[in-house]
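> heads up, no residue letters with this:
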């Protein structure tokens, strides 16, 4: 009985296996059409699982069906089934909105060429064996199969070409053609400059997309890691986006990245060419002609009705899909860029015909109609979702692991579960985005607008690529009474994020003055950045520069678990206190207690101890209400510096990879950095002509340090011994910067008779504290922030073996702000 059931099942599969394979290939093709565009904004969840399964299934069942067809014996029934082979080529070609599932698919485009050639050859053999030799059902099936085969083979070859065009190596070689890049910018930016009216008004999505098309060559060059320097016109055009509001700047950059997604993961780069448009115009007409030949001139006698129905379904679906791809191509802004550089520019664009056509096509898109809300802009799908991953180390330590998490850990899928659990969990509010991007755009503007005027104000590439917050700490100055804070910075970037994340969490949870009108917005932005960068450390290490210190994170996590399990009963709890806050209090009290050696006895908890030390320094500095907003601004600026560092030094391949996973905040910041120009690796901005400070500037910096040291000597309230300054030129070192692991400054070199005499300073520089002569005006301040910055880099005596860098920063108590 059981053998009979198995036998019947096997027989049924043998009879209908090709039909099942063809229908499965068609279903996978439809899933790709529907879900491929969703990963622009989100790349997790059930939809992405279905997309992955459809991509893999389509690449498996279509070759399986072609192989079985080639092995079947010729018969009238097999003649109709063999007619499906060209449709399998259509499915293998894929829809226009996806060519590659991952960046590795583009890298293997050379192998794909051989695969395409072999499968086209297999389909040719199937048609020759079953259709041509069999007579083609009265002759009508032969021309029909030739027409549909020609279209399918061409589109399949086009997909291989799209993969080749999307390879970063080929993009890199094409980006070296400097003339093409300059012509594209010049041709497309003229009309845009008139329409934008000097960036005085806010850009809507359509205008922002047009600007993004003009700026796209810069994004391509950055993504391909090209070393070709940008010419003056291109660099000037790229900096124009900083003349807009932060929202418009982000909008243009997000559109650029969306266009870059089209190049890497869709067929847009090959669709919007002469041969691409030709294929899409001919394809619907060819499918219509094939349908007429099959429907009216091919005899269906002796054919299975299910086979005939499957054929009609394939013809109708292919015609509708090809027609939709044609309309989509004609209404795309990529066509606008194509027409800008062709002789059809005046005939179509200047008369407004393309815009009218685009509006008609958009109005026919039922997917954009919304009954319960305002209809979305046609280009809104290109915007970044604003969602970022969040990972709170203290929360993860204190909560119990779920059953799914335990199961994923057992089978080795812990990282996949973390990605699903923590990615895209938090959408940045408008206030937080405004705070982050306002600070970023202001820093980037300083790189070229004030590079020669105020070298101690603007950021240089060294500030971003070798420091991650120290520049902000050094420029934190005061106008009146001082209060010194010791800010620790790790020697490795991921170590530094761990220390500052722990410190930030303890500081935000234990601070009692963090809920004011202005403090709340800054606190939210600080928490969002802290949890986001910690998410990159714990989940997406490939998005961070430097060493991938996975073991460091794991040891810190395990050490926190031991601290929590040992001292959780000592923290005290109430109904409104979470376990995360209890752990924060434990870390704070660990350093408040008499046991000041905590962290030195056990090297594995040194990072936790450093974070607790830093948190206590911040809490003590913000003990008074009027100090807290200024302190929050300092901490926020430090985190923005870390964000800039992570974005700038992350590899272009990692940024390109994240475009297919919903995008990344660091990728947006990275493209903004590329627009600024001076940050380009190995290049120097056009405004950075001077490599060393002048004598007058050096004297000003020395004078500022001298005043800062004298003010420190008079401040005995904190009872701390001050060590000599290790960096006599804060903000602009006259010698190469010292490594972060330098434990303490070298002893001063004794003067000898052979040493050249120092330059003679003015009387005011030699005696900064002396009163001016009667009738003379007081000397102007040396910096824009009033009093000079008193900064000290030191290693505490108890922890010199740790070789960690510290900054002593002056806190202003009244009437001052952090220098931007």
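Here it is on my side, so go on. Keep in mind that this is a model prediction, so the values were computed, not measured. Residues are numbered from 1 along each chain as shown.

> so who does residue 41 touch?
Neighbouring residues of residue 41 by Cβ atoms under 8 Å, 6 or more residues apart in numbering: 381, 383, 384, 385, 662, 663. Quick note: C-beta positions are derived from backbone N, CA and C, even for glycine.

> and what of residue 84?
18, 22, 65, 69, 310, 311, 314.

> the same query, at a cut-off of 7 Å, please.
Applying Cβ atoms under 7 Å, 6 or more residues apart in numbering, we find residue 84 in contact with 22, 314.

> before we move on, back to that, buried subset of the contacts of residue 41?
Among the contacts of residue 41, those scoring as buried are 383, 384, 662, 663 (criterion: 16 or more other Cβ atoms under 10 Å).

> ok, so what distance separates the third one from residue 612?
Right, residue 662. Using Cβ to Cβ, to the nearest Å, we find residue 662 at a distance of 35 Å from residue 612.

> now stretch 320-337: mean pLDDT?
Across stretch 320-337, pLDDT averages out at 87.

> I meant stretch 471-479, not that one.
Rounded mean pLDDT across stretch 471-479 is 65.

> hey, where'd the helices end up in the stretch 401-550 of the chain?
For the stretch 401-550 of the chain, applying DSSP state H, counting those that start in this stretch gives helices covering 403-410, 414-422, 430-449, 461-465, 470-474, 493-510, 519-538, 550-567.

> doesn't residue 35 make contact with residue 51?
Yes - using Cβ atoms under 7 Å, residue 51 is in contact with residue 35, at 4.6 Å.

> could you report the neighbour count for residue 302?
11 (other Cβ atoms under 10 Å).

> and it, that one's in a strand?
No - per DSSP: H, G, I helix; E, B strand; the rest coil, residue 302 lies outside any strand segment and is coil.

> once you drop chain neighbours, what's closest to it?
Using Cβ to Cβ, 6 or more residues apart in numbering and skipping the chain neighbours, the partner closest in space to residue 302 is residue 76 (5.4 Å).

> just give me the neighbour total for the one you found.
Per other Cβ under 10 Å, the neighbour tally for residue 76 reads 14.

> now it: how far from residue 140?
To residue 140, residue 76 is 14 Å away according to Cβ to Cβ.

> cool, and residue 549?
68 Å.

> what do you get for residue 332?
Separation of residue 332 from residue 140 (Cβ to Cβ): 37 Å.

> ok, residue 528 next?
For residue 528, the distance to residue 140 equals 65 Å [Cβ to Cβ].

> which residue of these two possesses the greater neighbour count?
For residue 528 and residue 140, the more surrounded residue by other Cβ under 10 Å is residue 528, and the numbers stand at 22 against 17.

> between the helices of the stretch 401-550 of the chain, which one is closest to residue 106.
Nearest of the helices of the stretch 401-550 of the chain to residue 106, taken as Cβ to Cβ: helix 414-422 at 22.0 Å.

> other SSEs contacting the closest one?
When contacts are defined as 3 or more Cβ pairs under 7 Å, 6 or more residues apart in numbering; DSSP states H and E, helix 414-422 sits against helix 403-410.

> what packs against the helix it packs on?
helix 414-422.

> now do the helix it packs on: everything it contacts.
Residues outside helix 414-422 that contact it (Cβ under 7 Å, 6+ apart) are 44, 389, 390, 391, 404, 405, 408, 535, 538, 539.

> which of the residues you listed are buried?
Among the contacts of helix 414-422, those buried by neighbour count (16+ other Cβ under 10 Å) are 44, 389, 390, 391, 408, 535, 538, 539.

> before we move on, the earlier item: of the helices of the stretch 401-550 of the chain, which is nearest residue 277?
Using Cβ to Cβ, the nearest of the helices of the stretch 401-550 of the chain to residue 277 is helix 430-449, at 37.7 Å.

> ok, residue 435 touching residue 524?
No - counting by Cβ under 7 Å, residue 435 does not reach residue 524; the two are 8.4 Å apart.

> mind checking which of these two has more residues around it?
Taking neighbours as other Cβ under 10 Å, residue 435 and residue 524 compare with residue 435 leading, 23 against 17.

> in whichever strand or helix holds residue 290, what counts as buried?
Per DSSP states H and E, residue 290 falls inside helix 274-297. Residues 276-277, 279-280, 282-284, 286-287, 290-291, 293-294 are the ones in helix 274-297 that count as buried (16+ other Cβ under 10 Å).

> please name every helix or strand in contact with it.
So helix 274-297, by 3+ Cβ pairs under 7 Å, 6+ apart, packs with helix 141-166, helix 305-330.

> okay if I get those as a markdown table plus distance to residue 81?
Putting the helices and strands packed on helix 274-297 into a markdown table (distance: least, Cβ to Cβ, whole Å) gives the following:
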| stretch | distance to residue 81 |
| --- | --- |
| helix 141-166 | 12 |
| helix 305-330 | 6 |
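
> okay, now the domains of the protein?
For the chain, automatic domain parsing gives the domain ranges 20-170+276-335, 414-684+693-744+789-810.

> mean pLDDT lowest for which of those?
Note on the domains of the chain: domain 414-684+693-744+789-810 shows the lowest mean pLDDT, a mean of 71.

> out of the buried residues of helix 274-297, who's nearest residue 127?
Comparing the buried residues of helix 274-297 against residue 127 with Cβ to Cβ places residue 290 closest, at 13.1 Å.

> can I assume that closest one is in contact with residue 148?
Yes - taking Cβ under 7 Å as the definition, residue 290 is a contact partner of residue 148 at 4.8 Å.

> against residue 645, how distant is residue 577?
With the distance defined as Cβ to Cβ, residue 577 ends up 35 Å from residue 645.

> which one's more surrounded, those two?
Higher neighbour count among residue 577 and residue 645: residue 645, with 25 against 14, using other Cβ under 10 Å.

> contacting residues for that one?
Contacts for residue 645 (Cβ under 7 Å, 6+ apart) come out as 464, 465, 468, 493.

> count the neighbours of residue 73 for me.
7.

> does it count as helix, strand or coil?
Under three-state DSSP, the three-state class of residue 73 is coil.

> can you offset everything so residue one is 50?
In the new numbering, first residue 50, that becomes residue 122.

> next, the contact list for it, please.
No contacts exist for residue 122 under Cβ under 7 Å, 6+ apart.

> got phi/psi on it?
When read as degrees, to the nearest 10, the backbone of residue 122 gives phi -80, psi 150.

> then residue 147?
phi -160, psi 130.

> residue contacts, the residue lying closest to it once chain neighbours are set aside?
Among residues not flanking residue 147 along the chain, residue 85 sits closest, at 3.8 Å (Cβ to Cβ, 6+ apart). Applying Cβ under 7 Å, 6+ apart, we find residue 85 in contact with 100, 144, 146, 147.

> now, which of these sits nearest residue 681?
Nearest to residue 681 among the contacts of residue 85 is residue 100, at 41.9 Å by Cβ to Cβ.

> coming back round to it: and the buried ones among the contacts of residue 90, which two are the farthest apart?
Across the buried ones among the contacts of residue 90, no pair lies farther apart than 432 and 711, at 11.8 Å, counting by Cβ to Cβ.

> what about the nearest residue to residue 219 once chain neighbours are set aside, distance to residue 614?
Distances taken as Cβ to Cβ, 6+ apart place residue 213 nearest to residue 219, at 6.1 Å, with adjacent residues excluded. Remark: distance between residue 213 and residue 614 (Cβ to Cβ) = 55 Å.

> repeat for residue 699
Distance from residue 699 to residue 614, by Cβ to Cβ: 36 Å.

> so which of the two has more stuff around it?
Counted by other Cβ under 10 Å, residue 699 and residue 614 do not tie: residue 699 has more neighbours, with 23 against 11.
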